[in-house]
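*Asks:* let me see the structure of the following:
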Amino acid sequence: MEVRLLGPVEVGAEGRVVSAGPPQQRLVLAAVAVDVPRPVPLSTVVDRVWGEDPPKSARIAVAAKMTHLRDLFADLAGRASGRPRPGAGEAAADQPGPARRSGRTDDRRLAWAGGGYLLRVDADGVDLLRFRRLAAEARRGERSDAERVGLLDEALQLWQGPALEGLPGAWAARMRGSWAMERLEAALDWGRAALRLGQYARVIPVARELAEQHPYNEALAVVLGWALAADGRLGEAAEYCRTVSHRLRVDADVDPGPQLRALHQAILNSQPLPPLPAPPASAVSPVAVPAQLPGDPPAFAGRVEHLSRLDGILATASAQAPTAVVITAVSGTAGVGKTALAVHWAHRVRGRFPDGQLHVNLRGFDRVGQVVEPAVAVRDFLAALGVPPERVPPGFDAQVGLYRSLLAGKRMLVLIDNARDAEHARPLLPGTATALAVVTSRNPLTDLVAADGAHPVALDLLTEAEARELLDRRLHDGRVAAEPDAAGRIIAACARLPLALALVAARAAANPTFRLAALAAELSAASRSLPPDAKDVVGQVRAVFSWSYATLTAPAARLFRLLGLHPGPDISTPAAASLAALPLAPAQSLLADLTGAGLLAETAPGRYAMHDLLRGYAARLAESDSEAERRAATVRLLDHYTHTAYTADRHLNPARDPIQVPLTPPAPGTTPEQPTGQRAALEWLDTECPVLLAAHRLAAAGRDIQAWQLAWAMDTVVAFPPPPGCPDPRPRPPAAASARR
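*Replies:* Prediction:
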């Protein structure tokens, strides 16, 4: 069985190829096929098919499309083998929705497995994946040019038109653009290798066709100009180089690069042509366009003037094509909605940045957790841009240089959240006029404004009208209009801070029979309990925190306090269960309670994070618990990560000698995870890597055995050198253990 994505979406078997069905069904198939051999969660399929606004029936629709696809696969398989397709007695694979009830499906090809839809075809059966494999094979340094041309010939012949031809939607458009760039890179590698073999006439028509599609690509211009000159068409080659150089200067306001200039001069002066670039040792793996923006904040309200200013900055930048990066610094007090504004606006304009969006939370003001240093963030960006660990240069400056080189000429949006100061953010700024960086901070970042030409956007409290709009959008039940005076008292008690208003709205939404007047009275009482010197904005938001915390059940309140001890940027459900010494199901229920109360956010399925103000508040509350309880919770947490990481390492590196000082059994109440197989182990370590580094720092502050054993377990996958100030995550057995050896 084969699936074709590089052109019309089709399926085939034994030489017979047919369309995969109506557009939406083809899109469902593409959404699953791109990740072979990994299962694709239902939520991911829905997002790829419908984007930000899926219909309520999306999940049922996906299941129905899967049933039709199984029927199609069964029909193809039956015709290819001469067998009838499965009858009613052959049940489909266990999976959600109506497809499970269908009796006419072939569950061997498309099944529900591992928490998602799994397309069981060989990777070479998906033309995109085969194309990538062939292109990667051609880039291996030991290949001869003849081998390289043969492999890339085969790869490029897989393209039957624009990728995902005719399919609608933002995801399809992003993939179409990203894969087209992969095709161009492969064609350039093919063209250079063919020219080195003397196949000038063969390269010219291919390069000319691509040049019409990519008129500003200098690398392609060099290949075509070189081919024309080598084929004896010197006049045509010189005129082509002149035309491209003029186009770059006039239309793009950039000077031609050194390769194009050198080629043009050699042709004009009848000199030997400059050497073509060496065969590639590509530092970048083909990956999808990065799309790292957090979810668009629900019920975003107000900030019309700020959004208009941001739109104006982007329009000015686009019109003037500046030579320096344009930075937007969004500053404001804690909880005022800086991140919400930046993320909401980024979602509004992300279509202007087809090459991708990068995001990092630097956690510059997180009192409890670990600040993310630029050295860590830039390596995360390199990974998102497809740079394999072995291609990352060792020095920080070199890494920043590679990062900026990869962004050069690309339309990318970089969102740098919660920067401590200008120096915290500056290394992450792109160095190209085509990219835009948005930096948020509680500080005004005047150095970025003065030295880097940033456009400051200061954020104040919501206006009364904006605060009412926010409450009304979050409640959407008419209570704000029905009780305007009570809504006004709530807004005053929340100091017009979006974070505080969101907490109140969460409780009101969870209790639709509550009158707003009752909630306003409770909030007023909480505010009156503040000491006279604490009735500022920060004091008032803490009063709202305490009011919301007081409504929790005792188990939920205990979990909230313990979460203040967690050092990482987010936490998984199993880790939270170990932290609180709870079984998984009760922990899930309590996490749902905290999320419903607005004290926690589920940033991804089964992963939770807190606003840094709430983290600090939870940590202060935890100080009221006994030292023994806090210590026991920390030990359980570190045991959870150490034992799970060790299990993952055993799957990834089974030939490695076991740890020299065996792990002690986990503390009572700890339930480490059990990733099975290399893929699950690698996915767990990849997801938890920032948390593991933070946990290692926590262990290094006095829990030596856990510190070195966790570092030992991480050693296989921590490919990058440690950032400045971060302990080297390598095994360091205690002296007693060394003496025993």
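*Asks:* quickly list the domain ranges of this protein.
*Replies:* Domains of the chain are assigned by automatic domain parsing as 2-128, 130-158+169-268, 304-458, 464-550, 552-623, 626-741.
*Asks:* report pLDDT for residue 365.
*Replies:* At residue 365, the pLDDT value in this model is 79.
*Asks:* where does it land in three-state SS?
*Replies:* Here residue 365 is coil, with the state taken from DSSP: H, G, I helix; E, B strand; the rest coil.
*Asks:* what about residue 18, helix or strand, and which?
*Replies:* Using DSSP states H and E, residue 18 sits within strand 16-19.
*Asks:* coming back round to it: can you lay out the domains of the chain as a markdown table showing mean neighbour count?
*Replies:* (Each C-beta comes from the backbone N, C-alpha and C, glycine too.) Shown next, in a markdown table, are these (neighbours: other Cβ atoms under 10 Å):
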| stretch | mean neighbour count |
| --- | --- |
| domain 2-128 | 18 |
| domain 130-158+169-268 | 18 |
| domain 304-458 | 19 |
| domain 464-550 | 18 |
| domain 552-623 | 20 |
| domain 626-741 | 17 |
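*Asks:* mind putting those domains in TSV, distance to residue 277 included?
*Replies:* Shown next, in TSV, are these (distance: least, Cβ to Cβ, whole Å):
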stretch	distance to residue 277
domain 2-128	26
domain 130-158+169-268	6
domain 304-458	15
domain 464-550	52
domain 552-623	40
domain 626-741	27
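*Asks:* so which of those domains comes closest to residue 298?
*Replies:* Across these, residue 298 has its closest neighbour in domain 464-550 (7.6 Å, Cβ to Cβ).
*Asks:* one step back: contacts for the strand holding residue 18 next, please.
*Replies:* With contact meaning Cβ atoms under 8 Å, 6 or more residues apart in numbering, strand 16-19 is reached by 2, 4, 8-12, 26, 72, 76, 79-80.
*Asks:* repeat that with 10 Å
*Replies:* 2, 4, 8-12, 25-26, 72, 75-76, 79-80, 160 (Cβ atoms under 10 Å, 6 or more residues apart in numbering).
*Asks:* what's the closest of these to residue 54?
*Replies:* residue 25 (15.8 Å).
*Asks:* show me what whichever strand or helix holds residue 556 is packed up against.
*Replies:* For residue 556, the element it lies in under DSSP H and E is helix 554-563. Counting contacts by 3 or more Cβ pairs under 10 Å, 6 or more residues apart in numbering; DSSP states H and E, helix 554-563 packs against helix 537-550, helix 573-580, helix 584-596, helix 612-622, helix 627-652.
*Asks:* can you show me the helices along the stretch 401-550 of the chain?
*Replies:* 422-425, 446-452, 464-475, 479-482, 484-493, 498-510, 516-528, 537-550 (DSSP state H, counting those that start in this stretch).
*Asks:* tabulate the ones you listed (a markdown table), appending mean pLDDT and distance to residue 709.
*Replies:* What follows is those, written out as a markdown table (pLDDT from 0 to 100; distance: least, Cβ to Cβ, whole Å):
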| stretch | mean pLDDT | distance to residue 709 |
| --- | --- | --- |
| helix 422-425 | 88 | 32 |
| helix 446-452 | 75 | 42 |
| helix 464-475 | 87 | 45 |
| helix 479-482 | 88 | 54 |
| helix 484-493 | 88 | 49 |
| helix 498-510 | 84 | 38 |
| helix 516-528 | 81 | 45 |
| helix 537-550 | 75 | 36 |
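*Asks:* can you put the ones you listed in a markdown table and add distance to residue 704?
*Replies:* Shown next, in a markdown table, are those (distance: least, Cβ to Cβ, whole Å):
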| stretch | distance to residue 704 |
| --- | --- |
| helix 422-425 | 31 |
| helix 446-452 | 40 |
| helix 464-475 | 48 |
| helix 479-482 | 56 |
| helix 484-493 | 48 |
| helix 498-510 | 39 |
| helix 516-528 | 44 |
| helix 537-550 | 35 |
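*Asks:* which one of those lies nearest to residue 302?
*Replies:* For residue 302, the closest of those is helix 464-475, at 2.9 Å, according to Cβ to Cβ.
*Asks:* sorry, back to before: neighbouring strands - and their directions - for the strand holding residue 18?
*Replies:* strand 10-13 (antiparallel) (DSSP bridges).
*Asks:* quick one: distance of the strand it pairs with to the chain centre.
*Replies:* 32 Å (Cα atoms, centre = their mean, to the nearest Å).
*Asks:* ok, now stretch 471-490?
*Replies:* Counting by Cα atoms, centre = their mean, stretch 471-490 is centred 36 Å from the centre of its parent chain.
*Asks:* okay, it in PDB with CA atoms only?
*Replies:* Only the C-alpha atoms of stretch 471-490 are listed here, as PDB (Å, rounded to 0.1, in the frame of the first residue of the first chain):
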ATOM      1  CA  LEU A 471     -16.100  39.000  32.500                       C
ATOM      2  CA  ASP A 472     -19.000  38.900  30.100                       C
ATOM      3  CA  ARG A 473     -17.100  36.900  27.500                       C
ATOM      4  CA  ARG A 474     -15.900  34.400  30.100                       C
ATOM      5  CA  LEU A 475     -19.300  33.900  31.600                       C
ATOM      6  CA  HIS A 476     -21.400  34.400  28.400                       C
ATOM      7  CA  ASP A 477     -24.700  33.900  30.400                       C
ATOM      8  CA  GLY A 478     -25.900  37.500  30.800                       C
ATOM      9  CA  ARG A 479     -25.100  37.800  34.500                       C
ATOM     10  CA  VAL A 480     -22.800  40.800  34.000                       C
ATOM     11  CA  ALA A 481     -25.600  42.800  32.300                       C
ATOM     12  CA  ALA A 482     -28.100  41.600  34.800                       C
ATOM     13  CA  GLU A 483     -26.000  42.700  37.800                       C
ATOM     14  CA  PRO A 484     -24.000  45.600  36.600                       C
ATOM     15  CA  ASP A 485     -23.300  47.000  40.100                       C
ATOM     16  CA  ALA A 486     -22.100  43.700  41.400                       C
ATOM     17  CA  ALA A 487     -19.900  43.300  38.300                       C
ATOM     18  CA  GLY A 488     -18.400  46.700  39.100                       C
ATOM     19  CA  ARG A 489     -17.600  45.700  42.700                       C
ATOM     20  CA  ILE A 490     -15.900  42.500  41.400                       C
END
